[in-house]
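Next comes the sequence, and after it the predicted model I'd like to discuss.
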Amino acid sequence: MDVKFNSSHFLKNIVYLLLLFFTFSACKSDEKKKQLIPKIKLKPKPIFKYGFKVSDYKVVLDTIKSGESFGVILDRHHVMYPKINKIAGSIKDVFDVRRVRAGKPYVILSSKDSLEEAKVFIYQNDKIRATVVDFKDSIIKAYTYTQPIKTIEKIVEGEIYSNLSNAMDSLHLSPTLTWTIADIYAWTLDFYKLQKGDSFKLVFEEKFINDTVFAGYGDVKSAFFKHKGQDLYAFRFLADSILNIHEYYDDHAKMLRSQFLKSPIKFQYRISSRYNLRRRIAYYGNKIRPHKGTDFAARRGTPIIATASGTVSESARRGGNGNYVKLKHNATYSTQYLHMKRRKVKKGQYVKQGDVIGWVGMTGNTGGPHVCYRFWKHGRQVDPLREKLPAAKPMKKRMKPIFFDFIKPLKVQLNQNQLQTKETIATTNEVAQN
C-alpha cells in the first residue's frame, strides 16, 4: 500500500513541539530564578503602649481589688517596702498613691529576668488619661499620659415627640450630651415646655481611641431648635481672648447665658415652696414663719449646681440649715444652698456657673429631699423668681463683624437638609498626644 507523505501536516507538528519545548524551558528558568531570590524576613514592627516598648517588659494587666493599696500591689510584684515608700514620697505632688480606687484598671511593666521586679506602674484614670509612675531608673517620676484620640464632627437632628431626653435617646446619644444642650439653652428655652413637633439640629464632636473606643464628647459647635415657630440658634465663639472662655451666642450676637441660672437643679425638680414672708405652718400652730428661700424638691443625690460663678464664702453644717454652701458672686449678689446630703466645695474655692457644689439631701430641718435656694441682694434676702436679674456682658462691638463672618457657614450647615439626614460625619481631625 502506498503512503502519501503530507509535508504541511508534518511541519505543523514540528512547530507545535517546538512551542511546547520553549514554554517548558521558560517555566523551568522562572522556577530557578525564584529559587535564587533569597527570602527576606521582615522584622515585626515594635509595639508601644503608654510610651513604652512592650517587648522590653513582662506586661501585667489587672484591676485594683477592694482593700488593695499601691504598696500591696508593688510588693506583690517584688518591690521592697523601703523603695515603695521612696516612690510614694517622690511623686506625692503629682500622684497621691493613697487615692487609688478599687475597680480601676492598672498595668505593671516588670523586668523580663527571673526576678520579674516591677519597673513601671500605670494607673488608668479614665479611657483617655493614665498616670504613669516610672521608677526603673534612679530618678523616679510620675506624669499624665494622654491616649492619642481622633475627634469626629457629627451632625444629628431630631424631632420632639415627648421630651428632649427621649429624643436624644432615640438618636443613641448619651445623657451627658443632653445635659450640655440643657446648659447651653438654660436661659433661652424651657425644656419642660417643648411641644410635639418641635425640632432640633446639633453639630458636635465625638472622641475615639484607636478609631473604635468611644471616649466622650468634645465641643458642641452649634445648635438649632425650632420651638413654637421660633428659630433658636446657638454658636460657640471666643469673644474675649483675654478671659479665653468660649460662650454661646444666638445669630444676633446675643449671649445665651445670663448671669444667673433659674434653678440650682437641671432636670426633674419641682418648686415645693416659694419665697413667702407670711407663710403659716400648721406644725407651729399656724403661726407665721417667713420662708426666705425657694425650695426645689428632687431625689436624694441629685446634683446641685452653682447658679452663677463666684467664690465659696461658707461651706459647713449648722443647725436647721444642715449641710449648706454659700457663694459670693460680687459686691451685690450672694446665693445659698441648704439641706445638702453632701458638700463638694470648700471655703475660698472659686466655682463656675453650672459647677456641681453638692447633692440634694435631708440634713437640718426638712420634711423631704430638696434644696432650699436663698438669694441675697445688697445683703438682704429677696425672691430670685421676681428679681430682674442682670444679663451677662454683651459682645464688644468690634467683635461683632468677626462673629457674623464666623457663623455664616455654620448657619448654612444648620439650615440645609433640615430633618432629612439623621447622622453624617462632617470632618475628621487628629488630636496629638499631650
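Sure, I can see it.

Wait, Y50 touches T144, no?
No - with contact defined as C-beta atoms under 8 Å, Y50 does not reach T144; the gap is 10.8 Å. All C-beta atoms are positioned from the backbone trio N, CA, C, and that covers glycine.

Find residues that contact each of these two.
Common contact partners of Y50 and T144 (C-beta atoms under 8 Å, 6 or more residues apart in numbering): 130, 132.

wait, doesn't R274 sit right on Y373?
No - counting by C-beta under 8 Å, R274 sits too far from Y373 to count as a contact (10.6 Å).

which residues are common contacts for the two?
Both R274 and Y373 are in contact with 294-295, where contact means C-beta under 8 Å, 6+ apart.

what about these two, which has more around it?
Y373 (22 against 13; other C-beta atoms under 10 Å).

In terms of helix, strand or coil, where does the more buried one fall?
strand (DSSP: H, G, I helix; E, B strand; the rest coil).

now swap in K86 and tell me
helix.

so who does the residue lying closest to it once chain neighbours are set aside touch?
Leaving aside its sequence neighbours, K86 sits nearest to I140 (C-beta to C-beta, 6 or more residues apart in numbering; 7.0 Å). For I140, the contact set (C-beta under 8 Å, 6+ apart) comprises 86-87, 90-91, 133-134.

give me the element the closest residue to Q349 other than its chain neighbours is part of.
In space, and not counting its chain neighbours, Q349 is closest to V312: 4.7 Å by C-beta to C-beta, 6+ apart. In this structure, V312 sits in strand 310-318 according to DSSP states H and E.

Which strands and helices lie in contact with the helix or strand following that strand?
Using DSSP H and E, the helix or strand that follows strand 310-318 towards the C-terminus is strand 322-328. When contacts are defined as 3 or more C-beta pairs under 8 Å, 6 or more residues apart in numbering; DSSP states H and E, strand 322-328 sits against strand 310-318, strand 333-343, strand 356-360.

List the buried residues in strand 322-328.
For strand 322-328, the neighbour count (16 or more other C-beta atoms under 10 Å) marks 322-327 as buried.

from those residues, which is closest to L194?
Checking these against L194 by C-beta to C-beta gives L327 as the nearest, at 30.1 Å.

The residue nearest to that closest one when sequence neighbours are not counted pairs with what?
Distances taken as C-beta to C-beta, 6+ apart place G310 nearest to L327, at 4.1 Å, with adjacent residues excluded. According to DSSP bridges, the residues that bridge with G310 are V351.

where's G310 relative to H252, distance?
28 Å (C-beta to C-beta, to the nearest Å).

And those two? Which one has more around it.
Between G310 and H252, counted using other C-beta under 10 Å, the more crowded position is G310 (20 against 10).

What pLDDT is listed against that one?
Per-residue confidence (pLDDT) for G310: 86.

what do you get for G364?
91.

re the thing from before, take the helices and strands packed on strand 322-328 and lay them out in a markdown table including distance to T178.
Listed next are those as a markdown table, based on distance: least, C-beta to C-beta, whole Å:
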| stretch | distance to T178 |
| --- | --- |
| strand 310-318 | 26 |
| strand 333-343 | 23 |
| strand 356-360 | 16 |
